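In: quick one, structure for this:
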Amino acid sequence: MTGGARSGRTTLAAVAGLAVAAGCAPHPAAFPTLPVEARPAAYRAALARREALGRAVDAQLTVWARAPHRGAQPAMNASLALAGPDAFRLRVASTFGTAFDCGARGDSIVALVPGLRLGTAADARRDSLGLRGPGALGFRVFAAAWRPPEQAWSAARDSGDRLTVRWHDAGGSLRLAIGPDGLPADVELESGDSLAVRTRYRGWDDHDGVAWPAVIEIESRDGELKARCRIEGTHFRDQPAAQRLEVRLPHGIEPLSWPAFRRAVEAASAR
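Out: Have a look, this model is predicted:
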């Protein structure tokens, strides 16, 4: 079995266990420090600009993953498509093609591991995914599009370098830490006992004055599953292209239930 295939399975285990994971060169940017009282308004304004840009996005990623029994894995290339507010597709490349392909829109998710001939087509409204709205969750992670309800801001807590906002929605409970620049620093999501994920934003690009994530880390609460993504090229388009977002299971691959799919991928990753 090739190293590329093993790496692809490891990445899938990380993405499935956590979330459900060419163009102009990025320009890493630093944004000015803001007084605490100015951060909520600055956060809302920057979020609105990212949501507007996120209507149709294509990007290239470099992914580093760590999973139980495997440790750190070699870097892998991936492509990402976003269509705000609730759709994404992530494809991780292998030496011989695609190691992992996952797309979600709204409550529906389709995932495929071609090398193992494993696939799933699930819907959070009828299947046990451990979360609702996987499409919106994926978009929020990669676009840093976390939108606390208005009432949550009144209870925000200032710790000097972070402004922390907490709220609940249909997907679970969330804790958002906003940095001195008014941008998301990290987000913790808990959904029952089945999902506890932390997303950290380690770097930003400046796209014509709009802050867009450049380095993202996604980690399980116990720290065993971790993925670091460097977003190396980003294109913003007027409209999303349907073919960039659609994942289809090839003929002959019978879709597993989401729990069975996760178990099969995790078992393969442990071998």
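In: would you list every one of the helices in the stretch 1-150 of the chain?
Out: Counting by DSSP state H, counting those that start in this stretch, the stretch 1-150 of the chain has helices at residues 3-18, 39-53, 134-143, 150-153.
In: lowest average pLDDT across these?
Out: Here the lowest mean pLDDT among the helices of the stretch 1-150 of the chain goes to helix 3-18, at a mean of 43.
In: kindly confirm my reading that Glu266 is in a helix.
Out: Yes - applying DSSP: H, G, I helix; E, B strand; the rest coil, one finds Glu266 inside a helix.
In: and the pLDDT at it?
Out: Confidence at Glu266, expressed as pLDDT, is 78.
In: distance of it from Leu116?
Out: 12 Å (Cβ to Cβ, to the nearest Å). For the C-beta atoms, the positions are set from N, CA and C on the backbone; glycine is no exception.
In: again, but for Gln243
Out: 24 Å.
In: where does the stretch 51-200 of the chain have low pLDDT?
Out: Applying pLDDT under 70 to the stretch 51-200 of the chain picks out residues 68-72, 128, 130, 170-171, 192-195.
In: burial measure for the nearest residue to Leu116 once chain neighbours are set aside, as a count.
Out: Computed as Cβ to Cβ, 6 or more residues apart in numbering, the closest residue to Leu116 that is not its neighbour in sequence is Ala268, at 5.8 Å. The tally of other residues near Ala268 (other Cβ atoms under 10 Å) stands at 19.
In: ok, now Arg221?
Out: Neighbours around Arg221, by other Cβ under 10 Å: 14.
In: pretty sure Ala38 contacts Pro180?
Out: No - Ala38 is not in contact with Pro180 according to Cβ atoms under 8 Å; the separation is 10.3 Å.
In: neighbour count: these two, which is higher?
Out: Neighbours per residue (other Cβ under 10 Å) separate Ala38 from Pro180, with Pro180 holding more: 17 against 11.
In: quick check, pLDDT for the residue lying closest to that one once chain neighbours are set aside.
Out: Closest residue to Pro180 apart from its sequence neighbours, by Cβ to Cβ, 6+ apart: Thr33 at 4.4 Å. Here the pLDDT value assigned to Thr33 is 86.
In: hmm, back to that, of Gln243 and Leu116, who's got more company?
Out: Between Gln243 and Leu116, counted using other Cβ under 10 Å, Leu116 has the larger neighbour count: 17 against 8.
In: if we can go back for a sec, distance of the residue nearest to Pro180 from His207?
Out: Per Cβ to Cβ, Thr33 is found 21 Å from His207.
In: more neighbours, those two?
Out: Neighbours around Thr33 and His207, counted as other Cβ under 10 Å, are more numerous at His207. The numbers are 17 against 12.
In: for the more buried one, which residues are in contact?
Out: Each residue near His207 by Cβ atoms under 8 Å, 6 or more residues apart in numbering is listed here: 53, 234, 236.
In: equivalent analysis for Arg202, please.
Out: 214-217, 228.
In: one more: Arg49?
Out: Neighbours of Arg49 in contact, by Cβ under 8 Å, 6+ apart: 209-211.
In: what of Gly106?
Out: Neighbour list for Gly106: 86-87, 133, 135-136 [criterion: Cβ under 8 Å, 6+ apart].
In: from these, which is closest to Arg200?
Out: Ala136 (19.7 Å; Cβ to Cβ).
In: ramachandran angles for the residue lying closest to that closest one once chain neighbours are set aside?
Out: Closest residue in space to Ala136, ignoring its immediate chain neighbours: Asp86 at 4.0 Å, by Cβ to Cβ, 6+ apart. For Asp86, the backbone dihedrals (degrees, to the nearest 10) come out as phi -150, psi 40.
In: right, and Asp86 touches Ala124 too?
Out: No - the pair Asp86 / Ala124 is not scored as a contact, 11.6 Å apart, by Cβ under 8 Å.
In: gap between Val265 and Pro259?
Out: Using Cβ to Cβ, we find Val265 at a distance of 11 Å from Pro259.
In: more neighbours: these two, which one.
Out: Legend: neighbour count by other Cβ under 10 Å for Val265 and Pro259, higher for Val265 (25 against 15).
In: hang on, isn't that one packed against Thr120?
Out: No - counting by Cβ under 8 Å, Thr120 is not a contact partner of Val265; they are 9.4 Å apart.
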